[in-house]
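K.L.:
Provided below for reference: sequence and predicted model.
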Amino acid sequence: MRERTIIAAFCVAGFCAFDVPPFDLAAMSKAQANFRQGWTACAARTDYKTMADSIDCVLSADRALVTAIRLRDTHSFDAFIAKVKTLSGAIAAGTVTPTEAKNRFLALHNDFFDSLRGQYADYQSRMAQDYLRDGNRMMPPASDMGTMNPMGGM
């Protein structure tokens, strides 16, 4: 609690950026493991009546991942879902072959995960720019021994 208070005081004083990451990176490893487990369970099932049912199973694993990592801007996920719904409609109408549907779905899925990587890379870039811009106001890291205060004393 004390650490958060100190960090908040530095932020209020203008010593840190107010940008937040696009998702909870600390939750990503566990979320990915659960996603892989869900994906594997979907692949192992044999009771699908249609390919759209299979896609819905994988989408439930995707939704669980997005929820677990607390994705802040869900625009990329919403766009992914909309494109998958369009694909499901094409599957139901019979305008795409099963192989083509699988390839399109995997491409959409890869695009979504690429967008997550892009969102995080953008966040890191903004944080680096903030650090460089505000670097002259950053206090040097303090250690227990030998740190000089701004007045020159120990």
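P.N.:
Nice, I can see it. Worth saying up front: this structure is predicted, and the values here are computed from it rather than measured.
K.L.:
distance check, residue 36 against residue 42.
P.N.:
From residue 36 across to residue 42, the span is 11 Å (Cβ to Cβ, to the nearest Å). No exception for glycine: its C-beta is placed from N, CA and C like everyone else's.
K.L.:
got it, and residue 103?
P.N.:
17 Å.
K.L.:
quick check: mean pLDDT across stretch 132-146?
P.N.:
In this model, stretch 132-146 has an average pLDDT of 56.
K.L.:
chain center to the longest helix along the chain: distance?
P.N.:
When the chain is parsed with DSSP state H, its longest helix is helix 98-134. Mean-position distance between helix 98-134 and its chain equals 8 Å (Cα atoms, centre = their mean, to the nearest Å).
K.L.:
and it, what other elements does it pack with?
P.N.:
helix 51-68, helix 75-93 (3 or more Cβ pairs under 8 Å, 6 or more residues apart in numbering; DSSP states H and E).
K.L.:
quick one: buried residues of that helix?
P.N.:
101, 104, 105, 108, 109, 112, 115, 116, 119, 123 (16 or more other Cβ atoms under 10 Å).
K.L.:
and what of stretch 78-94?
P.N.:
Across stretch 78-94, burial judged by 16+ other Cβ under 10 Å covers 80, 81, 83, 84, 87, 88, 91.
K.L.:
and which of the residues you listed is nearest residue 22?
P.N.:
residue 80 (14.7 Å; Cβ to Cβ).
K.L.:
got a pLDDT number for that closest one?
P.N.:
Residue 80 is assigned 96 on the pLDDT scale.
K.L.:
how about the contacts made by it?
P.N.:
By Cβ atoms under 8 Å, 6 or more residues apart in numbering, the contact list for residue 80 reads 62, 108, 109, 111, 112, 115.
K.L.:
now swap in residue 56 and tell me
P.N.:
residue 88.
K.L.:
any low-confidence regions in the chain?
P.N.:
The chain contains residues with pLDDT under 70 at 1-18, 135-154.
K.L.:
ok, 90 please
P.N.:
Within the chain, the ranges that satisfy pLDDT under 90 run 1-20, 25, 50-55, 92, 98, 102, 126-154.
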